[in-house]
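In: sequence plus predicted model, see below.
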Amino acid sequence: MSVPTQLLIATLLVVTTVLIHLTGIALLLPILRRHRSHRTPMIHALRGGLVVLGSALGLFVLHTIEIWLWAAAYLTLHALPEFEQALYFSTSTFSTLGYGDVVLGSRFRILGAIEGANGILLFGWSTAFFFSVVDRLKLLERQIER
């Protein structure tokens, strides 16, 4: 596969995963907005825990969808022969873990490199979002203490 074709496919995948992430975070934001401070610390702590859990699971689902999208692309392009290999490669590449025991052929390696860059960006975005959720909960906790 030519370099321009790989770049085009990678660009489409990156745009798609960014849109998935944007949509997912937009759907998770109401979880944060609905959480208000409560008079009783126990209820506040319980609801705060549920907000953190819901945010973490929501972000995990987003990354799973994005990883599966890349895996489906590898399978569709015949870059890897089986879905299990494609999913394994995509997961280790997207997370930048990169075991190296399953690799793409030289015809597809630019796709793999761009998936790694895509994963770094989206994990960073998720980290920033998750940090803001926890920070917001801390702010509400301080308001209760006053």
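Out: Noted; the coordinates are in hand.
In: distance of the residue nearest the centre of the chain from Leu8?
Out: Computing the C-alpha centroid of the chain and ranking residues by C-alpha atoms, centre = their mean puts His63 first, at 3.1 Å. In this structure, His63 and Leu8 are separated by 24 Å, where distance is defined by C-beta to C-beta, to the nearest Å. From N, CA and C alone the C-beta is placed, and that goes for glycine too.
In: check Thr23 too.
Out: Distance of Thr23 to Leu8, computed by C-beta to C-beta: 23 Å.
In: average pLDDT for the host helix or strand of Leu121?
Out: Leu121 is part of helix 109-145, with elements assigned from DSSP states H and E. Summarised as a single mean, pLDDT over helix 109-145 is 86.
In: what about it, distance to the chain center?
Out: Its chain's C-alpha centre lies 9 Å from the corresponding centre of helix 109-145 when counted by C-alpha atoms, centre = their mean, to the nearest Å.
In: can you give me the buried ones in that helix?
Out: Residues of helix 109-145 classed as buried under the neighbour-count rule (16 or more other C-beta atoms under 10 Å) are 110-112, 114-116, 118-119, 122, 125-126, 129-130, 133, 137, 140.
In: same thing with stretch 67-85?
Out: Within stretch 67-85, the residues scored as buried using 16+ other C-beta under 10 Å are Ile67, Trp68, Leu69, Trp70, Ala71, Ala73, Tyr74, Leu75, Leu77, Ala79, Leu80, Gln85.
In: can I get those residues in a markdown table with distance to Leu50, secondary structure and pLDDT?
Out: Converted to a markdown table, those look like this (distance: C-beta to C-beta, whole Å; DSSP: H, G, I helix; E, B strand; the rest coil; pLDDT from 0 to 100):
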| residue | distance to Leu50 | secondary structure | pLDDT |
| --- | --- | --- | --- |
| Ile67 | 26 | helix | 98 |
| Trp68 | 26 | helix | 98 |
| Leu69 | 29 | helix | 98 |
| Trp70 | 31 | helix | 98 |
| Ala71 | 31 | helix | 98 |
| Ala73 | 35 | helix | 97 |
| Tyr74 | 36 | helix | 97 |
| Leu75 | 37 | helix | 97 |
| Leu77 | 41 | coil | 96 |
| Ala79 | 40 | coil | 96 |
| Leu80 | 39 | coil | 96 |
| Gln85 | 37 | helix | 96 |
